[in-house]
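1. Coordinates only, no sequence provided:
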């Protein structure tokens, strides 16, 4: 029988020693909410899955088909302001916050069934997903969890944007952005279940208020699923040098970029051991790094 571990309360602990065992949920959970781009409501049911299953999204289509879309980098599809995967023509998007939460809380195997093509955005952070995972609990499985150990540095660069991963113990991220009226914003630290929940998960998607509202208007008049669910309830909207309603954590914008990065790196299919430096990164650069790393088989080892 699998050992069950719950996150509630988080007894004081250091980074979980490697190697660890694979884990799934101890019980299923279901969450519903409005989506960021379509503006429509979606329900996601996340259930335990067997060892070596990985993170798989399942769509039940109107024509009766059931299509599973594994959350792996080679299924990734470029979509504006989100991370998306597609298989057999079936799209699942805005997966990054759930992916980051499962990855950081060390849940390796789940089946996520969704009744739409886009996950809910909630308040724009990963905190609701973390709370749901905590409530469900974590159940360890017999096989050992294999880890991508970075052996040599890999980097991608586009203008002032730079993303680099190099060898190092554990999983450590250093992030930097600079925004008009805010200046330089930095965060650096090891990503553990505790640090993720406390310092990264509460950080919301962000953008300039004027641009967000213009994007929503464009999507509406062009009849496109673009920012139809954006509002101060679903994102940290910036007006000059302040966030409407205030920041949920200090330096919230750079912490959210790190949140997205963690979710995008999870599309490698395994935890990563290495140090990441992220300067002005975003989804496109994140996925470019994932592809560059995975295609350079001499730069890493699965242990």
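-> Alright, I've got the coordinates. Values in this document were obtained by computation on a predicted structure and should not be read as measured data.
2. quick one: the helices in the stretch 151-300 of the chain?
-> All helices of the stretch 151-300 of the chain, identified by DSSP state H, counting those that start in this stretch, fall at 193-195, 209-222, 252-265, 283-295.
3. so which of those gets nearest residue 56?
-> Closest approach to residue 56 among the helices of the stretch 151-300 of the chain (CB to CB): helix 252-265, 15.6 Å. Where C-beta positions appear, they are placed from N, C-alpha and C, glycine not excepted.
4. Give the other helices and strands that the closest one contacts.
-> strand 82-87, helix 96-104, strand 171-179, strand 183-190, strand 206-208, strand 236-239, strand 272-279, helix 283-295 (3 or more CB pairs under 8 Å, 6 or more residues apart in numbering; DSSP states H and E).
5. Who are the packing partners of the shortest one?
-> When you say that, I think you mean strand 206-208. strand 236-239, helix 252-265.
6. Can you add mean pLDDT and mean neighbour count and give these back as a markdown table?
-> Shown next, in a markdown table, are the helices and strands packed on strand 206-208 (pLDDT from 0 to 100; neighbours: other CB atoms under 10 Å):
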| stretch | mean pLDDT | mean neighbour count |
| --- | --- | --- |
| strand 236-239 | 98 | 20 |
| helix 252-265 | 98 | 26 |
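7. just so I know, which of the ones you listed lies nearest residue 283?
-> Here helix 252-265 is closest among these (CB to CB), at 6.3 Å.
8. where exactly do the helices run in the stretch 1-150 of the chain?
-> Secondary structure of the stretch 1-150 of the chain by DSSP H, counting those that start in this stretch: the helices cover 96-104, 127-136.
9. Let me have those in a markdown table, adding mean pLDDT and mean neighbour count as columns.
-> Below are the helices of the stretch 1-150 of the chain laid out as a markdown table (pLDDT from 0 to 100; neighbours: other CB under 10 Å):
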| stretch | mean pLDDT | mean neighbour count |
| --- | --- | --- |
| helix 96-104 | 98 | 27 |
| helix 127-136 | 98 | 20 |
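10. Nearest to residue 252 among those would be which one?
-> helix 127-136 (12.1 Å).
11. do you know how far the residue lying closest to residue 273 once chain neighbours are set aside is from residue 123?
-> Setting aside the residues directly before and after it, residue 273 is nearest to residue 149 in space (CB to CB, 6 or more residues apart in numbering), at 4.7 Å. According to CB to CB, to the nearest Å, residue 149 stands 35 Å off from residue 123.
12. Which one of the helices of the stretch 1-150 of the chain lies nearest to residue 30?
-> helix 127-136 (8.4 Å).
13. what packs against that closest one?
-> strand 29-34, helix 96-104.
14. Quick check, residue 284 in contact with residue 78.
-> Yes: with contact defined as CB atoms under 8 Å, residue 284 counts as touching residue 78 (6.9 Å).
15. So for those two, which sits in the more crowded spot?
-> More neighbours surround residue 284 than the other of residue 284 and residue 78, with 14 against 10 (other CB atoms under 10 Å).
16. What pLDDT is listed against the more buried one?
-> Residue 284 is assigned a pLDDT of 98 by the prediction.
17. Against residue 261, how distant is it?
-> With CB to CB as the criterion, residue 284 and residue 261 are 12 Å apart.
18. can you check residue 300 too?
-> From residue 300 to residue 261 the distance is 17 Å (CB to CB).
19. The nearest residue to residue 36 once chain neighbours are set aside - how many residues pack around it?
-> Computed as CB to CB, 6+ apart, the closest residue to residue 36 that is not its neighbour in sequence is residue 121, at 3.9 Å. Residue 121 has 27 neighbours, counted by other CB under 10 Å.
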